[in-house]
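Chemist: A structural model of the following input is requested.
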Amino acid sequence: MSEYDTFAAAPVGQTDREMQVAEGVLSRFAEAVTYRNSFAQQWEEVASLVLPAHRGTFMYGAYSTPGDKKTDQQVDASGMMALHRFAAICDSLLTPRNSRWHALSANDEYVMKDRATRLWFEDTTRRLFRYRYDPAANFSSQNNANFEQLGAFGNIGMFVDRQYSVRGRKGLRYRSLPMGELFLFENHQGLVDEFIRWFRLTARQAYELWPDKFPEKLREPLLKGSLTKYDFLHHVAPRKTYDPDRLDDEGKPYKSCYVFMDGRTILQEGGYNSFPAAISRYSQAPGEVYGRGPAMLVLPALKTLNAQKRTFLKQGHRAADPVLLTADDGLVDFSMKPGALNKGGWSSDGKPLVGVLPTGDIQTSEEMMAVERSTINDAFLVSLFQILEETPQMSATEVIERVNEKGILIAPTMGRQQSEYLGPLIDRELDLLSDMGLLLPMPPRLKEAGGSYSVVYTSPLSRAARAQESAGFMRSVEGVKELVNITQDPSLLDRFNFDIAVPEIAEQQGVPENWMSSDAQVAAKRENRAQAQAKQQEIQAMPAQAAMMKAQAAAQKNGGGQQGPSQPGVV
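Modeler: Residues are numbered from 1 along each chain as shown. The predicted structure follows:
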């Protein structure tokens, strides 16, 4: 007897409204599939060269058997390695795990003067990072998968929901949405506020999610324990009948419904207080909803490199195992075994009778491949992080200048991920944590101000964008130092406030706060230094003082030893 024999045998009927909703979602999905097919074809090409695991997943209805070999079209792995490095670069620039890459602050500076408000934001930021990087949340792995999709296909989607645990544990759960499953829609401002996700589930998985609305068509596969997967849709869109005063689903600004495609039935309807997916694009062409990633931008270079690698392998094979040329009446049964003797291989006048077919210039192939690899590395930002390999010996000013250059080149494209990806992600996380009661109550002043907040990014990308200030300061100091050397006037450096500049430069360079001395520690060091200098001056002055004392003593002795003329009448 199956454990599922006890579920309701009678199918749950669909109301007229539910049937209309299901038909509307299916119609909208069909339109979205048609619009996205041109992108899906390009993504398929890109995946075959840089992310083979995603091959065969972009066209609706396509199904690849788990474990299929998908690297048969990949001859050169340079693009795949560049993509992995791109994901690591994005992670280290935007969301480094070893540091807090953002903080929270009130929009109103007056509200931030309240100490309770500042403490609340500090505590909220700390809780946010704790729940985000909890092992059960799975943020790190899904975030890396997102950045790989960003580099390959130019689009990412992170679904954020509360953690459903058997033990009732509260927390967050993250899921990177594969581009083959994701269909996007924009509002009039160009923001993604609607999506449809096409996914597959077995009958058992569907029953676990919707036991009360389980489709009758899946009853038999469920009882048999079939592993066959069936098509489902998840549609999220702004609610047109949104009423903030209501406490049911109508009081949530985003509606949600799950549809079983084969049965054309609604399985679940609900809503969200915040958009459940953080979706971002790398770069967009006019009139397009989907983005284009670095791999799409250099797709010709990737395909050219793949073709060049085939030629290179042929040349290398021929060079290592050459084709031999002999006369038509030459040797018979020529042996290529080591140590073999081939009689008759030389003519009577000492000329060889066997030659090697020229294989072409293999060095030219290497140079051509190096050009394409350079283009690919530029597109994936890899070349920007090869500074130390090219110039290992650099001064501090040169390092700051290079960081400034990287910030200028990276900020336009990577900075978009802060506004489109990380901003909505943080909004969603705070909404869920607040709804689950995992945040402290707001302080009165912040609550009176409406609880509005802003995200202050402190990631390496944000610091690199500010490196221009450090670079300008260092250039100015270097220039003034030259003037000081010329004029011998150190007062020219008095214009620079090093007490303010040095801590900010250290912060921009990512120096931990506890590695820097506090104001009190700096004052103590300066006082000790002044005392040490005073003692040193005293020590240096001691020989002169001793000489003066000796001279004074000698003068007094000479003056006291002289006898004046005797005066009469004086005893």
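Chemist: would you mark the buried spots in the helix or strand where Ala506 lies?
Modeler: With the criterion set as DSSP states H and E, the secondary-structure element containing Ala506 is helix 498-508. Within helix 498-508, the residues scored as buried using 16 or more other C-beta atoms under 10 Å are 501, 503, 505, 507-508. (C-beta placed from N, C-alpha, C; glycine too.)
Chemist: next, format those as CSV and append distance to Gln552.
Modeler: Written out in CSV, the entries for those read as follows (distance: C-beta to C-beta, whole Å):
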residue, distance to Gln552
Ala501, 50
Pro503, 51
Ile505, 53
Glu507, 57
Gln508, 59
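Chemist: got the contact list for Gly293?
Modeler: 46, 149-155, 282-283 (C-beta atoms under 8 Å, 6 or more residues apart in numbering).
Chemist: what is the least confident helix or strand in the protein?
Modeler: Of the helices and strands making up the chain, the lowest-confidence element is helix 387-390, at a mean of 52, by mean pLDDT, DSSP states H and E.
Chemist: by how many degrees do whichever helix or strand comes after the helix holding Ala506 and helix 498-508 diverge?
Modeler: Under the assignment DSSP H and E, the closest C-terminal helix or strand after helix 498-508 is helix 519-561. Between helix 519-561 and helix 498-508, the angle formed by their directions is 140 degrees, by axes from the mean of the first three to the mean of the last three C-alpha atoms, to 10 degrees.
Chemist: average pLDDT across helix 519-561?
Modeler: Confidence over helix 519-561 (mean pLDDT, whole number) is 82.
Chemist: how about the nearest residue to Leu104, chain neighbours excluded?
Modeler: Take Leu104 and drop its neighbours on the chain: the residue closest to it by C-beta to C-beta, 6 or more residues apart in numbering is Phe121, 4.5 Å away.
Chemist: quick one, phi/psi of the one you found?
Modeler: Reported as degrees, to the nearest 10, the phi and psi values for Phe121 are phi -70, psi -40.
Chemist: would you agree it is in contact with His102?
Modeler: No. At 11.3 Å, Phe121 does not count as touching His102 under the criterion of C-beta atoms under 8 Å.
Chemist: where are the low-confidence patches of this protein?
Modeler: 1-13, 165-166, 328-332, 386-412, 465, 467, 508-510, 512-513, 559-571 (pLDDT under 70).
Chemist: ok, which stretches of it are strands?
Modeler: All strands of the chain, identified by DSSP state E, fall at 102-106, 155-162, 172-176, 182-186, 192-202, 229-238, 254-260, 265-272, 277-281, 324-326, 354-356, 453-457.
Chemist: which neighbours does the second one have in its sheet, and in what orientation?
Modeler: With DSSP bridges as the criterion, the sheet partners recorded for strand 155-162 are strand 172-176 (antiparallel), strand 277-281 (antiparallel).
Chemist: ok, now the first one?
Modeler: Using DSSP bridges, the strands paired with strand 102-106 in its sheet are strand 453-457 (antiparallel).
Chemist: contacting residues around the partner strand?
Modeler: 101-107, 121, 418, 422-423, 426.
Chemist: buried residues in it, which are they?
Modeler: Here strand 453-457 shows 453, 455, 457 as buried, counting by 16+ other C-beta under 10 Å.
Chemist: burial count for Gln363?
Modeler: By the other C-beta atoms under 10 Å criterion, the neighbourhood of Gln363 contains 9 residues.
Chemist: now for Leu227: which residues touch it?
Modeler: Under the criterion of C-beta under 8 Å, 6+ apart, the neighbours of Leu227 are Thr202.
Chemist: coming back round to it: for the helix holding Ala506, packing partners?
Modeler: Using 3 or more C-beta pairs under 8 Å, 6 or more residues apart in numbering; DSSP states H and E as the contact test, the elements touching helix 498-508 are helix 467-487.
Chemist: quick one: closest of the strands paired with strand 155-162 to Val25.
Modeler: If you check each of the strands paired with strand 155-162 against Val25 by C-beta to C-beta, strand 277-281 wins as the nearest, at 16.6 Å.
Chemist: report the separation between Thr202 and Ser64.
Modeler: Here the distance between Thr202 and Ser64 works out to 16 Å (C-beta to C-beta, to the nearest Å).
Chemist: which residues does the closest residue to Lys481 other than its chain neighbours contact?
Modeler: For Lys481, the nearest residue in space outside its immediate sequence neighbours is Leu493; the separation is 7.7 Å by C-beta to C-beta, 6+ apart. With contacts defined as C-beta under 8 Å, 6+ apart, the neighbours of Leu493 are 477, 480-481, 484.
Chemist: per-domain residue ranges of the protein.
Modeler: Taking automatic domain parsing as the domain assignment, the record places the domains of the chain at 16-70+136-298, 468-511, 521-545.
Chemist: make CSV from the ones you listed and add distance to Leu324 to it.
Modeler: CSV is the format used below for the domains of the chain (distance: least, C-beta to C-beta, whole Å):
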stretch, distance to Leu324
domain 16-70+136-298, 36
domain 468-511, 61
domain 521-545, 79
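Chemist: ok, how many other residues are close to the residue nearest to Leu104?
Modeler: As a measure of burial, Phe121 has 20 neighbours, counting by other C-beta under 10 Å.
Chemist: tell me how far Ala547 lies from Ala554.
Modeler: Ala547 sits 11 Å away from Ala554, taking C-beta to C-beta as the criterion.
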